[in-house]
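Q: take a look and give me a structure for this.
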Amino acid sequence: MSSRETALAFVDAINKHSVGAIGDLITDDHVLVDSLGALVEGRDAIRNAWIEYFYLVPDFTIHCDHVFEGADMVALFGTADGTCRIGARIDPQNHWSMPASWLAGVHGGRVVRWQVFADNEPVRKILGA
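A: Numbering: from 1, shown residues only. Got it, this is the predicted structure:
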């Protein structure tokens, strides 16, 4: 798979909320960098982070409008959206959508690094309410 194909397969796994497929597409030393710069490192920690995130935002979806491929890097631009779960409730008023971009470091058909660039103020407002 090309770097572009790998990154898009990773997005597809995220959109399907398939933690198994996400795990298959990342390296053992994978690093996730969220939009605030926080790091999550290692396959098991990454799997757990996605399980928690999919619980918090059960309809989370990435929409890629533009994809640019370099040697071992892929930049993706588009939007992300979802609905935050508050306690046991999933209320439509807690839906958000925002412009976002992602940078995927790819090596050997696997994602080594996934970095998110987005202004998460809409999500922080929902969670702080």
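Q: what are the phi and psi values at the residue nearest the centre of the chain?
A: Geometric centre of the chain, nearest residue: residue 14, 6.3 Å, by Cα atoms, centre = their mean. With angles defined as degrees, to the nearest 10, residue 14 sits at phi -60, psi -50.
Q: roughly how far apart are it and residue 71?
A: Per Cβ to Cβ, to the nearest Å, residue 14 is found 23 Å from residue 71. (C-beta placed from N, C-alpha, C; glycine too.)
Q: what about the strands in the chain?
A: 26-33, 39-41, 61-69, 73-86, 89-107, 110-118 (DSSP state E).
Q: could you list the low-pLDDT ranges of this structure?
A: By pLDDT under 70, the weakly predicted segments of the chain are 129.
Q: please save the CA atoms from stretch 47-55 in CSV.
A: What follows is stretch 47-55, C-alpha atoms only, in CSV (Å, rounded to 0.1, in the frame of the first residue of the first chain):
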residue,chain,number,x,y,z
ARG,A,47,-6.3,1.1,21.3
ASN,A,48,-7.5,2.1,24.7
ALA,A,49,-7.6,5.8,23.7
TRP,A,50,-9.7,5.1,20.7
ILE,A,51,-12.1,2.8,22.7
GLU,A,52,-12.6,5.7,25.2
TYR,A,53,-13.0,8.3,22.4
PHE,A,54,-15.6,6.2,20.5
TYR,A,55,-17.5,5.9,23.8
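Q: pull out the buried positions in that stretch.
A: By 16 or more other Cβ atoms under 10 Å, the buried positions in stretch 47-55 come out as 47, 49-50, 53-54.
Q: hmm, residue 105 is touching residue 70, no?
A: No. Assessed by Cβ atoms under 8 Å, residue 105 is found out of contact with residue 70, at 9.9 Å.
Q: these two - which one has more neighbours?
A: Each of residue 105 and residue 70 has its neighbours counted (other Cβ atoms under 10 Å); residue 105 has more, 19 against 12.
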